[in-house]
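> Structure, please.
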Amino acid sequence: MTSPTSSYTPTHPSPQRRRRRRRWARWTLVGAFGATLTGCAVDASTEPPRQARSASLPGQADGTLTAAEQAGLLLMREEEKLARDLYVALGQRHDLPVFERIAQSEQRHMDAVANLLDRYDLSDPAAGQAAGAFTDPEIQKLYDDLLARGSQSLVEALRVGALVEEVDIADLREQLDATHREDLRLVYDNLLRGSRNHLRAFVRNLDAEGESYTAQHLPDGDVAAIVAADHEPGSGRRGGGRGAGWGQGRGGGWR
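Numbers count the residues shown, from 1 in each chain. Take a look at the predicted model:
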């Protein structure tokens with residue numbers, strides 16, 4: 001198979017994209033959403049210019065990414081933006097520190113993926129996009145639906161946060177299976193560690209509200225094992241040098 005260029009555009013949905021559509025369809029069936037919110041005025045962090053991004057990732061860019069690797073990076077860039085923008089918006093509605101703290105972590109996750117886009121000269125789907133705005137219409141609808149659900153109550157907002165992290169964990173595992181590149185795997189491993197910590201934080205905040213948590217996307221046993229484990233500190237290696245490390249946070253201590 002010929003390696004795609006940075007302008008590669010599939011002419012029909014790839015198997016990965018079809019799996020993603022099915023996965024996102026399941027997201028929107030969890031819980032009662034209520035009316036979709038539009039015109040959300042969220043003042044999220046702005047992106048630094050491409051030329052300001054560091055190139056302190058391990059190794060060197062090794063040729064052209066495969067189609068699956070390209071699609072994975074673009075997906076994770078928008079998924080991390082979805083999480084950041086959603087947590088900023090929910091934090092404004094519910095005034096609970098966990099949302100602001102994890103939103104800051106998601107910004108660093110976005111930066112780590114952006115560094116990889118720079119390294120492989122890929123167009124950034126998040127470039128120029130305002131908070132709550134996305135290039136992919138499926139992600140746009142997902143954001144709107146999750147924001148509507150999370151705006152219903154604090155408990156629903158925490159459950160939405162936990163759901164986002166569950167799906168993020170599943171997607172990151174899929175991306176790790178799809179590549180052997182050291183730089184991609186370093187970033188994905190650290191993002192995966194962060195998502196497990198974020199899931200623990202949301203579940204512990206639910207517990208503080210007197211609410212139990214049931215897995216919404218991953219297998220029950222998988223979620224139970226993640227939640228029962230201790231907070232995982234960062235690896236000490238950074239994904240690109242634009243911030244204060246990976247932003248893995250402090251688990252349930254964010255309340």
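> Let me know the average pLDDT across the one helix or strand Glu79 maps to.
Using DSSP states H and E, Glu79 sits in helix 67-94. For helix 67-94, the mean pLDDT works out to 97.
> buried set for that helix?
With burial defined by 16 or more other C-beta atoms under 10 Å, the residues of helix 67-94 counted as buried are 67-91, 93-94. In this view, the C-beta of every residue, glycine as well, is placed from N, C-alpha and C.
> residue ranges with poor pLDDT in the stretch 51-200 of the chain?
For the stretch 51-200 of the chain, the stretches with pLDDT under 70 are 51-62.
> at 90 instead, please
By pLDDT under 90, the low-scoring segments of the stretch 51-200 of the chain are 51-64, 135-136.
> just the helices in it please.
Taking DSSP state H, counting those that start in this stretch to define them, one finds helices in the stretch 51-200 of the chain at 67-94, 97-119, 137-150, 154-177, 182-208.
> Please tabulate those helices in TSV, including the columns distance to Asp220.
Formatted as TSV, these follow (distance: least, C-beta to C-beta, whole Å):
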stretch	distance to Asp220
helix 67-94	23
helix 97-119	23
helix 137-150	21
helix 154-177	11
helix 182-208	13
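> Show me the one of those that comes nearest Ala130.
Taking C-beta to C-beta, helix 67-94 is the member of the helices of the stretch 51-200 of the chain nearest to Ala130, at 8.9 Å.
> which helices and strands does that closest one pack with?
helix 15-27, helix 97-119, helix 137-150, helix 154-177, helix 182-208 (3 or more C-beta pairs under 8 Å, 6 or more residues apart in numbering; DSSP states H and E).
> Make TSV from the ones you listed and add mean neighbour count to it.
What follows is the helices and strands packed on helix 67-94, written out as TSV (neighbours: other C-beta atoms under 10 Å):
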stretch	mean neighbour count
helix 15-27	14
helix 97-119	23
helix 137-150	20
helix 154-177	22
helix 182-208	22
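> Gly128: which of those helices is closest?
Ranking the helices and strands packed on helix 67-94 by proximity to Gly128 (C-beta to C-beta) places helix 97-119 first, at 13.0 Å.
> got the angle between that closest one and helix 67-94?
150 degrees (axes from the mean of the first three to the mean of the last three C-alpha atoms, to 10 degrees).
> Tell me the helices and strands packed up against helix 97-119.
Here helix 97-119 is seen to pack against helix 67-94, helix 154-177, helix 182-208 when contacts are counted using 3+ C-beta pairs under 8 Å, 6+ apart.
> could the ones you listed go into CSV alongside distance to Leu117?
Shown next, in CSV, are those (distance: least, C-beta to C-beta, whole Å):
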stretch, distance to Leu117
helix 67-94, 6
helix 154-177, 14
helix 182-208, 11
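> among those helices, which is nearest Leu147?
Here helix 67-94 is closest among those (C-beta to C-beta), at 5.7 Å.
> hmm, back to that, so for Asp136, which of the helices and strands packed on helix 97-119 sits nearest?
Across the helices and strands packed on helix 97-119, closest to Asp136 is helix 67-94 (C-beta to C-beta), at 5.7 Å.
> how about the closest residue to Val164 other than its chain neighbours, what does it touch?
The shortest distance from Val164 to any residue other than its chain neighbours is 5.3 Å, reached at Ala83 (C-beta to C-beta, 6 or more residues apart in numbering). Neighbouring residues of Ala83 by C-beta atoms under 8 Å, 6 or more residues apart in numbering: Ile102, Ala103, Glu106, His109, Val164, Glu165, Asp168.
> For the second one, give its distance to Arg200.
Looking back up the chat, that one is Ala103. According to C-beta to C-beta, to the nearest Å, Ala103 and Arg200 sit 17 Å apart.
> All good on my end, thank you.
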